[in-house]
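Visitor: Need a 3D model of the following:
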Amino acid sequence: MHMILSRYFVLQLITTLTLTFAVLGLLVDRWWFAPLIVLAPLLALGISDLIQTSHAILRNYPVIGHIRFLLESVRPELRQYLIEDERDPLPFSREQRTLVYRRAKNVNDAQPFGTVKVVDAVGYGWISHSIRAKAIEDHDFRITIGGADCLRPYSASVLNISGTSFGAVSANAIMAFNKGAKAGGFAHNTGEGSISPYHRRHGGDIIWQVATGYFGCRTPDGHFDPERFAKAAADDQVKMIEIKLSQGAKPGHGGVLPKAKITEEIALTRGVSRDHDCISPSAHSAFTTPLELIAFIKQLRELSGHKPVGLKMAIGHRYEFFAMVMAMLNTGVTPDFIVVDGGEGGTGAAPAELSNHAGLPLHEGLSFVQNALVGAGLRERIKLGASGKLVSAFDLCRVFAIGADYALSARDFMFAVGCIQSRSCHTNNCPTGVATQDSLRQRALVVDDKAQRVTNFHRNTLRALAELLGAAGLAHPDDLMPWHLHFRHQSGAVLRGDAIYPKIMPGALLSGDMSEDLAREWGRAQPHTFEPAFV
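Guide: Next up, the predicted model:
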């Protein structure tokens, strides 16, 4: 009996007060009816809670049970602002976000009173410095992307904006990214949503990503359209073409843009209908085998006027990548670049299992691709990019030491234009106007102001990279080697980077001088099919 009274106490109190004020209003004065404005709806809510069948909490705790759902709805915000530690790492720690904000705003990012890192913690990493430190005056580090078959190579910054599709992010965010990239002299990847008017408005260098939906170059039934591609790729603003095979956020799964976010402009840009969700296929229809993929690379290079054409992928079955390498060797045709995306995910919202448990993490995937290309004797012909959670100059040093020639990141630049990591990207309710198509919400993002922050973040991050390289006695990211890095092992011992990311000998895949693990994967690969030669 006591339990029943305690569970229904609030409803009983509301009922009693409602009846009391109703009687007083009838017998004494009509002003006693005033509290019923609040009490009557609460009583109706309580009765509704008792008879509904969806929520056990509300049936047992009518009215007051809603507090639980209210608190649950604001839990992410309460945790972020009141509970979260500075170094809680996922998805991005407050410390990481603050670093981006300060660099984007040109605020001094110097750190007083020593490191806040736990240097004895497992995984803690550092770069060894040199007594022959260098002062690097020009921190605009650049590389040239374009192989022997490329007639229009691109001089790229070593840090660029990764895929940010119009539709997934707002028009104002796209314009801020592109205008900032133009001012800073770096590239802006379109993401799979194609080239929108907002990518073009400020004239920043564009990497056009062509994914399984062939948005911007598709036939009405969703297949690749060579004529539409050639027309769009001819634009001088388009510097490179990136064929996306898979994405770290959801490898093996096509992108999804909810119907609610598809505006008339987005539908026109992508060449899709507004009547249903825009779902990209899981795999390409333009090719089904490694040799056909290589032929597709060659076709796009010719259609684009011989601009750099490359691949983006998260690494899954290693024999499938080896099959691509075999196809390159058989045909003599190679991509101009390969971007490795980390299986730990990125800007795209994805099914939890795919985001959490599919795809090789960035560092491991990058190390594998580096060794595969070196082992096949192809590394000098192909530039290697790393796309993922790359916030600080040390993050960049790590991927450069493993083998990357350049890096791309999207979430850093989203922070630079105001993202607060509310993780509401897929709801169209982004509070800062970055990842929404709501015109009123994205009005909060002022393009000119945020574009300058994009430029600032890029410049200040590369300046920090120059300082770190100089401290190590190096002049360019190309000079970094795995042995420049050190990490704390779980045993407490210190391991050099080359013990964690061992290098393969040039041509080792061709000579057979490789580990048993790689030999097995190489033996399963076939250039004419993505199927394994044996299980």
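
Visitor: Distance check, residue 214 against residue 232.
Guide: 11 Å (C-beta to C-beta, to the nearest Å). C-beta coordinates here come from the backbone N, C-alpha and C atoms, glycine included.

Visitor: And residue 386, which helix or strand is it part of?
Guide: strand 383-387 (DSSP states H and E).

Visitor: what about the nearest residue to residue 500 once chain neighbours are set aside, which helix or strand?
Guide: Using C-beta to C-beta, 6 or more residues apart in numbering and skipping residues adjacent in sequence, the residue nearest residue 500 is residue 487, 6.3 Å away. Assigned by DSSP H and E, residue 487 falls within strand 485-488.

Visitor: Return the list of strands paired to that strand, each annotated with direction.
Guide: strand 125-127 (antiparallel), strand 494-496 (antiparallel) (DSSP bridges).

Visitor: For the stretch 51-200 of the chain, give me the ranges with low pLDDT.
Guide: 75-90, 113-114 (pLDDT under 70).

Visitor: TSV please, covering the strands paired with strand 485-488 and showing distance to residue 281.
Guide: As requested, the strands paired with strand 485-488 are exported to TSV (distance: least, C-beta to C-beta, whole Å):
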stretch	distance to residue 281
strand 125-127	39
strand 494-496	42
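
Visitor: quick one: low-confidence ranges for this structure?
Guide: Checking the chain against pLDDT under 70 turns up 1-5, 75-90, 113-114, 248-253, 345-352, 354-356.

Visitor: Mind putting the strands paired with strand 485-488 into CSV with distance to residue 527 and mean neighbour count?
Guide: Converted to CSV, the strands paired with strand 485-488 look like this (distance: least, C-beta to C-beta, whole Å; neighbours: other C-beta atoms under 10 Å):
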stretch, distance to residue 527, mean neighbour count
strand 125-127, 38, 18
strand 494-496, 36, 14
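
Visitor: sorry, back to before: which residues touch the strand holding residue 487?
Guide: 119-128, 397-398, 401, 494-497, 500 (C-beta atoms under 8 Å, 6 or more residues apart in numbering).

Visitor: could you redo the last one with a cut-off of 6 Å?
Guide: 122, 124, 125, 126, 127, 401, 494, 495, 496, 497 (C-beta atoms under 6 Å, 6 or more residues apart in numbering).

Visitor: circling back: the strand holding residue 386 pairs with which strands, and in what direction?
Guide: strand 337-341 (parallel), strand 406-409 (parallel).

Visitor: Select, out of those, the one closest to residue 528.
Guide: strand 337-341 (20.7 Å; C-beta to C-beta).

Visitor: would you put the C-alpha positions of the closest one in CSV?
Guide: Provided in CSV are the C-alpha atoms of strand 337-341 (Å, rounded to 0.1, in the frame of the first residue of the first chain):
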residue,chain,number,x,y,z
PHE,A,337,46.6,9.2,-55.3
ILE,A,338,45.0,6.9,-52.7
VAL,A,339,43.3,8.3,-49.6
VAL,A,340,43.0,6.0,-46.6
ASP,A,341,40.0,6.7,-44.4
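
Visitor: Return the residues in contact with residue 301.
Guide: With C-beta under 6 Å, 6+ apart, residue 301 has these contacts: residue 309.

Visitor: buried stuff in the helix or strand it falls within?
Guide: Secondary structure from DSSP H and E places residue 301 in helix 290-303. Of all the residues in helix 290-303, those buried under the rule 16 or more other C-beta atoms under 10 Å are 290, 291, 293, 294, 295, 296, 297, 298, 299, 300, 301, 303.

Visitor: that older thread, out of residue 214 and residue 232, which sits in the busier spot?
Guide: Taking other C-beta atoms under 10 Å, residue 214 and residue 232 do not tie; residue 214 has more neighbours (24 against 19).

Visitor: wait, what's in contact with the more buried one?
Guide: Contacts of residue 214 by C-beta under 6 Å, 6+ apart are residue 224.

Visitor: Which residue ranges of the stretch 1-150 of the chain form strands?
Guide: In the stretch 1-150 of the chain, the segments counted as strands under DSSP state E, counting those that start in this stretch are 125-127, 142-145.

Visitor: centre of the chain versus the helix or strand that comes right after the last one, how much separation?
Guide: Put plainly, it is strand 142-145. On the C-terminal side of strand 142-145, the closest following helix or strand by DSSP H and E is strand 154-157. Once both centres are worked out by C-alpha atoms, centre = their mean, to the nearest Å, strand 154-157 turns out to sit 21 Å from its chain's centre.

Visitor: Likewise for stretch 392-401?
Guide: 17 Å.

Visitor: Please apply the same query to stretch 418-432.
Guide: Using C-alpha atoms, centre = their mean, the offset of stretch 418-432 from its chain centre is 14 Å.

Visitor: what's in contact with it?
Guide: Contacts of stretch 418-432 (C-beta under 6 Å, 6+ apart): 260, 261, 349, 434, 435, 436, 445.

Visitor: can we see that at 7 Å?
Guide: Applying C-beta atoms under 7 Å, 6 or more residues apart in numbering, the external contacts of stretch 418-432 come out as 76, 91-92, 97, 260-261, 349, 434-438, 441, 444-445, 450.

Visitor: Residue 336 is in contact with residue 328, correct?
Guide: No - if you go by C-beta atoms under 7 Å, residue 328 and residue 336 don't touch, sitting 11.9 Å apart.

Visitor: anything in contact with each of these two?
Guide: With C-beta under 7 Å, 6+ apart, residue 328 and residue 336 have no common neighbours.

Visitor: How about residue 474, nearest residue that isn't a chain neighbour?
Guide: In space, residue 474 is closest to residue 480, 6.4 Å off (C-beta to C-beta, 6+ apart).

Visitor: show me the contacts for residue 166.
Guide: With C-beta under 7 Å, 6+ apart, residue 166 has these contacts: 174, 193, 196, 198, 199, 266, 269.

Visitor: will you turn the strands paired with strand 383-387 into JSON lines that also has mean neighbour count and distance to residue 31?
Guide: Listed next are the strands paired with strand 383-387 as JSON lines, based on neighbours: other C-beta atoms under 10 Å; distance: least, C-beta to C-beta, whole Å:
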{"stretch": "strand 337-341", "mean neighbour count": "29", "distance to residue 31": "67"}
{"stretch": "strand 406-409", "mean neighbour count": "26", "distance to residue 31": "63"}
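
Visitor: All set now, cheers.
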